[in-house]
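>>> fold the stuff below for me.
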Amino acid sequence: MSQTRRLAAILAADVAGYSRLIGADESGTLERLKAVRRELLDPKIAEHRGRLVKTTGDGLLVEFASVVDALRCAVEVQREMTARDAGVPPDSRIEFRIGINMGDIVVEDGDIFGDGVNVAARLEALAEPGGICVAARVQEDAAGKLDLAFADIGEQQLKNIARPVRAYRVVTAARPAMPQPSSGPALPDKPSIAVLPFANMSSDPEQEFLADGIAEDVITALSRYPSLFVIARNSSFTYKGRAVDVKQVGRELGVRYVLEGSLRKSGDRIRVTAQCVEAETGKHVWAERYDRDLADIFAVQDEITEAATIAIAPAIADAERQRAMRRPPANLDAWAAYQRGLWHLGQANKDDNVLSQQFFRQAIDLDPNFAGGYSGLSTAYILAVTQFQTRPIAELQELAAPLARRAVALDNTDAEARACLAVVLMTRGDFDAVQIEADRALAASPNLAHAHGVRGVGLMLAGEREEGIRALLNCIRLDPLDPLVSLRLSQVALGHYSRDYEAAVEVAKRVIQSYPDFPTSYRTLAAALAQLGRLDEAEDALAKALALAPRSFDMYVRGRPPWIRAEDHAHMLEGLRKAGWKE
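Have a look, this model is predicted:
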């Protein structure tokens, strides 16, 4: 394969609202597009000495030797398209968006690559339907040579382009610049995502099925999360083989987030890249790259699907909380108030816990049939009692339990509500019921980290330490950035204390290193060190446990909550007495 480099003007174009047109009249739209290309595009490209590099369903890529030729071609195409569709209803018009850039390109077997091409494609996404968007260099080269006006739209941070690009819109008398109309369905009342087909960037066409399989599996896996609205494959795969603008996808499908990816094969290895983008702003919510050997292609597909899915859902949840935090409290709807509550809950301190309760109550007031408000408020009460000791223990059953049951009654398929109810049941020591509710939550949403964590704590408190620790570690793997991960790690340390003091010390020290203000781990560390005979270190850890959280010490050491078995409490007291605790 031979490669050459040259400077060229690149024109990228696509049809605005293509999916909507196809959905309304597939055969008619395709026939009209064929006629447009035959009667207008091909003749104009030839007239202005352009070379059609390739077509992509609803789009095309053209190379010109000069900026003047590219702009003349673009302006004449847009002018004649306006005339052709003058009598056509607005929703049925075929309107092109065109981007033009001047830059260095790599030519290989007739195709063209490089930043010059990528910038042209991104500029096309900025153009209005029926409009033209160009780079600053194009505007400079055309100045004084063509009777055109340019509207400066400033520096643009284009996706996958390292440097900002100054862009201009071409303004003509026939088509003045105007805002792009919004179209498509309204956004759902919970975070919504479309998973686009992954692009096969390798030279091996057989990898197409692997790229499609990964995207399909991610759609299926994300659909198991009750907190997400996921567009079905049939709709998202209409974008296959097209250069897409995520903002347009978001409008056309009515989603807030778009996941796109690509696959490359080199020898016996593949590289899959994926990124989740907020459609309205173009902001990256999450991005990752996976390099794998192709020894077992189906195992690789499963592994990448699981890894991507586990990462995407928490990333979207965090983005939703950040969006809610940017809105004034008076302007919140039930979902946004719920997200504000979750944000404060995740700060893991008593003051934010109080604020979280206020926002969860606001969510309930705004929508009494929204299960999330009830499960969120129940969780806030549970943490107020068990972690911060700001509410009496009696409120676990008086307040938290009815709220959790109300959440399940409103939506018995809500995995978060089921997991919340499992926690309530655990606080009264009903460990068999905990497992039933945790299993129901996991049946609805197998990768819900919270449900794995509740199941693990329930098993551990019931005496099944090893299985409980495994479930807790799985919870941490599923959501390693959970603001409450310190609680999960401290529970792992406590689980090890029952039979492996060295492991308990190791995990407790890891928690303390990352979360030095979290008191539970100091108690476990003090008891485990004392059991190992390391009394000086144990005394120091005990002093910190007492100084950091005397109320917590009173509740868990001087007292015994109903979810702690008598034999486990006695074992902890034994270690703390050896560490120097005086009752």
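
>>> got a list of what L535 touches?
By Cβ atoms under 8 Å, 6 or more residues apart in numbering, the contact set of L535 is 529, 578-580. Placement of C-beta: from N, CA and C, glycine included.

>>> what do you get for R242?
Applying Cβ under 8 Å, 6+ apart, we find R242 in contact with 14, 18, 56-59.

>>> where's it, which helix or strand?
Secondary structure assignment for R242, by DSSP states H and E: no helix or strand.

>>> ok, it to A125 distance?
12 Å (Cβ to Cβ, to the nearest Å).

>>> same question, A508
51 Å.

>>> residue ranges with poor pLDDT in the stretch 251-400 of the chain?
Scanning the stretch 251-400 of the chain for pLDDT under 70 picks out 326-331.

>>> quick one on the thing from earlier: give me the buried subset of the contacts of R242.
Among these, those classed as buried by 16 or more other Cβ atoms under 10 Å are 14, 18, 57-59.

>>> between these, which is closest to D414?
Distance ranking of those against D414, using Cβ to Cβ, places Y18 first at 36.6 Å.

>>> now the closest one: closest residue in space, sequence neighbours ignored.
Ranked by Cβ to Cβ, 6 or more residues apart in numbering and with sequence neighbours excluded, the top spatial neighbour of Y18 is D58, at 4.0 Å.

>>> can you pull the buried residues of the helix ranked longest in the chain?
Ordering each helix of the chain by length in residues (DSSP state H) puts helix 297-325 first. Residues of helix 297-325 classed as buried: 300-301, 304-305, 308-321, 323-324 (neighbour count, 16+ other Cβ under 10 Å).

>>> mind giving me the packing neighbours of that helix?
Packing contacts for helix 297-325, counted by 3 or more Cβ pairs under 8 Å, 6 or more residues apart in numbering; DSSP states H and E, involve helix 208-222, strand 257-266, strand 269-278, strand 284-293, helix 334-346.

>>> returning to what we had before: in helices, which of the contacts of L535 appear?
In helices, judged by DSSP H, the following of the contacts of L535 are found: 529, 578.

>>> only the buried members of the contacts of L535: can you turn that into a PyMOL selection?
Buried subset of the contacts of L535, written as a PyMOL selection, criterion 16+ other Cβ under 10 Å:
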select buried, resi 529+578+579
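
>>> rewinding a little: so what does the residue nearest to Y18 have for phi and psi?
With angles defined as degrees, to the nearest 10, D58 sits at phi -100, psi 0.

>>> next, the contact list for it, please.
D58 is in contact with 14-15, 18, 33, 242, counting by Cβ under 8 Å, 6+ apart.

>>> can you rerun that using 7 Å?
Neighbouring residues of D58 by Cβ atoms under 7 Å, 6 or more residues apart in numbering: 14-15, 18, 242.

>>> which ones among those residues are found in helices?
Among the contacts of D58, the members found in helices (DSSP H) are Y18.

>>> would a markdown table of the contacts of D58 with pLDDT be doable?
Shown next, in a markdown table, are the contacts of D58 (pLDDT from 0 to 100):
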| residue | pLDDT |
| --- | --- |
| D14 | 90 |
| V15 | 89 |
| Y18 | 82 |
| R242 | 72 |
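
>>> okay, the contacts of D58 in CSV with distance to T520 next?
What follows is the contacts of D58, written out as CSV (distance: Cβ to Cβ, whole Å):
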residue, distance to T520
D14, 56
V15, 59
Y18, 56
R242, 53
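
>>> quick check, nearest of the contacts of D58 to I94?
Nearest to I94 among those is V15, at 5.9 Å by Cβ to Cβ.

>>> pretty sure V434 sits against M460.
No. Counting by Cβ atoms under 7 Å, V434 sits too far from M460 to count as a contact (10.8 Å).

>>> quick one, domains of the chain?
Using automatic domain parsing, the domain ranges for the chain come out as 3-171, 192-323, 484-583.

>>> nearest to R49, of the buried ones among the contacts of R242?
Using Cβ to Cβ, G59 is the member of those that lies nearest R49, at 20.9 Å.

>>> for V107, see how far away the closest one is.
For G59, the distance to V107 (Cβ to Cβ) stands at 19 Å.

>>> pLDDT weak spots in the protein?
Scanning the chain for pLDDT under 70 picks out the ranges 1-2, 160, 162, 172-184, 326-331, 481.

>>> would you list the domains of the chain in a markdown table and tack on distance to A337?
Below are the domains of the chain laid out as a markdown table (distance: least, Cβ to Cβ, whole Å):
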| stretch | distance to A337 |
| --- | --- |
| domain 3-171 | 32 |
| domain 192-323 | 12 |
| domain 484-583 | 20 |
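
>>> out of those, which is closest to I393?
Of all the domains of the chain, domain 484-583 sits nearest to I393, with 6.7 Å by Cβ to Cβ.

>>> first to last residue in that closest one, what's the distance?
Taking Cα to Cα, to the nearest Å, the first and last residues of domain 484-583 lie 31 Å apart.

>>> stretch 556-573 too?
Stretch 556-573 stretches 10 Å from its first residue to its last (Cα to Cα).

>>> list the buried residues of that stretch.
By neighbour count with 16+ other Cβ under 10 Å, stretch 556-573 contains the buried residues 556-557, 560, 563, 568, 572-573.

>>> tell me which two in the contacts of L535 are the farthest apart.
Largest separation among the contacts of L535 by Cβ to Cβ: L529 and G580, giving 11.0 Å.

>>> run through who's touching stretch 24-38.
21-22, 94.

>>> list the buried residues in that stretch.
By neighbour count on 16+ other Cβ under 10 Å, the buried set for stretch 24-38 is 29, 32-33, 36.

>>> before we move on, what about stretch 418-435?
By neighbour count on 16+ other Cβ under 10 Å, the buried set for stretch 418-435 is 418-427, 430-431, 433-435.

>>> three-state assignment of Y168?
strand (DSSP: H, G, I helix; E, B strand; the rest coil).

>>> let's have the chain start at 2 instead
Yes, from this point I'll number from 2; that puts the last item at Y169.

>>> bridged to it, which residues?
Beta-bridge pairing for Y169 (DSSP bridges): V135, D153.
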